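Asks: predicted structure and sequence below. I'll ask about it afterward.
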Amino acid sequence: MNDVRIFDGPSAPRTNTAGDPSRRSFLRTGAAALGGMAALAAALSPLRELAADDVPNLDDFLQKHYKEMTAAEMEVALERIRAKVEERYGVRPHVRDLKPMDGVEFGYALNLSRCIGCRKCVHACVAENNQSRSPEIQYIRVIEMPRGTMDVEKGSHHYDRPEVPEAQHFYMPVQCHQCANPPCVKVCPVEATWQEKDGITVIDYDWCIGCRYCEAACPYWARRFNFAKPSLPREQLNPNMSYLSNRPREKGVMEKCHFCLHRTREGRMPACAEICPTGARKFGNLLDPHSEVSEILKTKRVFVLKEEVGTLPRFFYYFDERYPNQLDPDAVAIAERLREEEGDAYGALPGVNGPSAAALALASPQRCHGARA
Amino acid sequence: MMQHPHTPSSPRPPAGAAWLGWSLPVGFATLAVAMFATSRSSDIPLTQSAKVNPEDLVVGPRRVAMSDPPTILVNGQPQTCNGCHRIFDSAHPSGQQPNFHPTIQLSHGLNDRCVNCHDPRDRERLALRNGDTVSFAQTPQLCAQCHGTVFRDWERGTHGKTLGSWMTASAGQRRLNCNECHDPHSPRYEPLAPLPAPHTLRMGEQTSQVHDIEAHDISPLQRWLHGADERATP
Amino acid sequence: MTTYLKFLSRCFRLSFVGDARYYAWMFALTVCVLLGINAYCKQLVYGLATTGMTDQVSWGFYIANFTFLVGMAAAAVMLVIPVYVYRNRELHDLVIFGELFAVAAIIMAMLFVTVDLGRPDRFHHLPLRFNFPSSMLTWDVLVLNGYLLLNLHICGYLVYCAYRRREPSKIFYIPFVFIAIVWAISIHTVTAFLYSGLGGRPFWNSAVIAPRFLASAFAAGPAFLILTLSVLRSFTTYEVSTKAFMTLRNIVTIALTINMFLLGSEAFTEFYTDSAHVASAKYLFVGLHGRSALVPWIWSAIALNTIALFLLYMPWSRRLPVLQVVSFMLIVGIWIEKGMGLIVPAFIPTPLGEIVEYLPTLNELLVTLGIWAFGLLIYTILVRVTVPVLAGQLTYDKRFAETKAELEAGLAVGAR
């Protein structure tokens, strides 16, 4: 190793030509220091605008991670939430900490043949889960997709039509897929998000530090960040809340779909599934072989979005075996022709009460397999 | 080649000149004033989310199905079916508007005869093809005669809408009947006006992004679907 | 102990000694820091909505600068390796300036992560539920802090020994120097893995990201040192040999060549394959569906890097002024390439195909400016203190006034 030469730098003696009376210099130094302090105070002055309830108090600061809280500590935390909501919105909420049910793993199935893209799910979700109205936070995105492609990039998020569905498109709503192998959970540096026993990936809003790594990791763009203080009109607040789901969030934390766990862990449907006018949204217990989702997985042609990223979603899409959104024009044409050939020979009272079986078989979009009843 | 490090560079002012000494406090003071003056301004383009009519978010069946036993309003008075049909047997040729049912628009494909579904002997019952009749509350069995696969799916819960609970055995669960979503006389699912499109922070409401898809991005499948292949024209 | 505290206080006092230009420079930096603090306070009050970031583009300028600065910090190793592995004598006295810059760069990088947090008040949650080894961010926290400590130890020990007029004992720093070499590679690799491990972002999900990060860092870091050493050479009496500049020039040339090669490989794979994954790259280089905010940035970066590379291969760049211009160009080029060119396009289009563009806001730029100014302030002070200590002008057995007089005299002589 070389010896350390850093000592022998040049240090030639120099003559002193700069000379100021020390008193004036002292004055100037003092003024500069004073000016600096004033500028620092000015720089910090925007902090005056911080709302009192935006500044964490000692209890907030010392609150433990969800998994570390005892029942008593959780009750204290819940009481604090109640008080805060009451102060902010003037409503005493019903807040509790709901645990997963035994023998339940939630799954979701969405019928792309039936979804008409009405966005009722989007707004029912916002109303149920107390999302911020300004800036707008929504957990569900409905994409209007042109037929013939599954490339979301060719779809439109901002479609605005007088009526939906539009025949040349299908509609694909996307929300949190509650993956069995969730990349968002893997990347969180503080374990503020994790997967519960019933398959729901939740967030402890009081633990999240807001680094947004999970948002970058999610392949479904399911996570949302509170870029500003969330605001919602007090009359629109949903007072039925739970710790891990729809209690009001703070500025600077992540949130996302949690399958409405304050409803679903009590046996109710998620708001999006309940509002869906067409029944395209199906929700249930994957461990129950007779649940609607299990039946769909058994009998339908099911796929998941972006299977190649290996996230193993619990959110499934499927199609029905039918021409989407309209009658099959070919079948109708054949039936019309048959009718012309046969004439209006049946249907008179009190004889035959229906078209011929052959015509019916053709007219129906599905071939008639006979009723089970 | 490079300059030698000890070569004197350009002349500089004497260290600690008086004007410079005072420029520090003056500079800081100016900065302080400027920052105080702007301490409340911020450029956040917060937009209010579009209003949604609460009626659009009411949970329940899409339409009110016919009661059982069925009643209709005639000249503003509720009437049972048999009240009239005891007198008129009313067999209409296909495609003709029934006299006393002006609101009914029959658009059920080839199924265009009243008595295909309604029992001609008892208008308050529905007729099955095997000669049996069912009540108006049992429409699924009637529809099942033609829409077998849909009925199969409905029984399993893979078609149709369920309200209440996700639990299969739960008493709170209710699966809607066919005629709570579909009008039996015009069963096509009626289109809806979509609720407002999303806003994007900083980009606001965007126009429906219709991409000008470059030619080589259009797959043969899409070209076929849109009939956009100019080679097909004679 | 008291000697050490006295050393620190003397260093502090020394940082106020300088000529008008030193004062002007420090004043300008202080003003920028204050502006940054001001902007950050606004961000604390109104939230990250004061930045240009959105749910669609959830990381922006802050993380871009963080990435760049981690690379700059890692680049100190490009001075350490020639000296301690290949026994290069020209760079020997200059290593410490690289390490000092690493300290400043790491501090800046950590500040950039901090200002990017939505809830900096919950920073203590990190040690309480440290998601290690699952989250790459926890790895990054470990390696960055470790690297900061390593460099603080090495620099602090050498400088303090010089102050005490002691020969540094090799076992107290040579092992750490070699650990720091490996550690420097690790900080930038871990930062690259932060991005390349995300399957949902095809633009990042590429094995070449880590090598590219290192190559670009090893070009930009030494380029920055060229500029620093030029300043040292013309403003202080510190000896910086021409050969040292030439060694740095060689390092920069090779690293930039590798970086351009890797960029080309990346671009080829994306564009020739022409799969759906090309969307982000297309957005970056040519624009997508009529949106093209990043196109001017990336082409400026490519132009700057290409011209810099061309000049580096020409004999003209042996002249210091040319070398300085080249260094500046490639620092800017790589800053764009790794910042706006690597972080932002991965978010455009979103995983759901939406195209939302990103541009930093004024507030965001001010915070960024403040952090850069703060880092340069730290670096200036560190260099300002280190030079006289190493030159034997500030030692424990000398009175401070003596040192001060000597230094001010030196400044005056420079002004002749």
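Replies: Looks like it came in fine.
Asks: now do the same for residue A:194: helix, strand or coil?
Replies: Classification of residue A:194 by DSSP: H, G, I helix; E, B strand; the rest coil places it in strand.
Asks: partners of it in the sheet?
Replies: residue A:202 (DSSP bridges).
Asks: how near is it to residue A:258?
Replies: Residue A:194 sits at a distance of 12 Å from residue A:258 (criterion: Cβ to Cβ, to the nearest Å). Every C-beta, even on glycine, is put in place using the N, C-alpha and C of the backbone.
Asks: same check, this time on residue C:170
Replies: Residue C:170 sits 58 Å away from residue A:258, going by Cβ to Cβ.
Asks: and those two? Which one has more around it.
Replies: Legend: neighbour count by other Cβ atoms under 10 Å in any protein chain shown for residue C:170 and residue A:258, higher for residue A:258 (22 against 12).
Asks: need the nearest residue in space to that one, chain neighbours excluded.
Replies: In space, and not counting its chain neighbours, residue A:258 is closest to residue A:245: 4.8 Å by Cβ to Cβ, 6 or more residues apart in numbering or on different chains.
Asks: so where is chain B shaky, pLDDT-wise?
Replies: Low-confidence regions of chain B, defined here as pLDDT under 70, cover residues B:1-21, B:41-43, B:89-97, B:99, B:171, B:203-217, B:227-234.
Asks: what about the helices in it?
Replies: With DSSP state H, the ranges of helices along chain B come out as B:18-37, B:81-85, B:139-144, B:148-156, B:220-226.
Asks: can you check the stretch 1-150 of chain C too?
Replies: Using DSSP state H, counting those that start in this stretch, the helices assigned to the stretch 1-150 of chain C run over residues C:2-14, C:20-46, C:61-74, C:77-80, C:95-116, C:125-128, C:136-163.
Asks: in the third one, what counts as buried?
Replies: Across helix C:61-74, burial judged by 16 or more other Cβ atoms under 10 Å in any protein chain shown covers C:61-74.
Asks: relative to chain B, how far out is the residue in chain A that chain C sits nearest to?
Replies: Going by Cβ to the nearest Cβ, chain C is nearest to residue A:210 of chain A, at 2.1 Å. From residue A:210 across to chain B, the span is 15 Å (Cβ to the nearest Cβ, to the nearest Å).
Asks: quick one, what contacts residue B:105?
Replies: The contact partners of residue B:105, by Cβ atoms under 8 Å, 6 or more residues apart in numbering or on different chains, come to B:185, B:186.
Asks: which residues do residue A:194 and residue A:258 both contact?
Replies: A:201, A:202.
Asks: circling back: reformat the helices of the stretch 1-150 of chain C as a markdown table; add distance to chain A.
Replies: A markdown table is the format used below for the helices of the stretch 1-150 of chain C (distance: least, Cβ to the nearest Cβ, whole Å):
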| stretch | distance to chain A |
| --- | --- |
| helix C:2-14 | 12 |
| helix C:20-46 | 4 |
| helix C:61-74 | 9 |
| helix C:77-80 | 13 |
| helix C:95-116 | 7 |
| helix C:125-128 | 5 |
| helix C:136-163 | 4 |
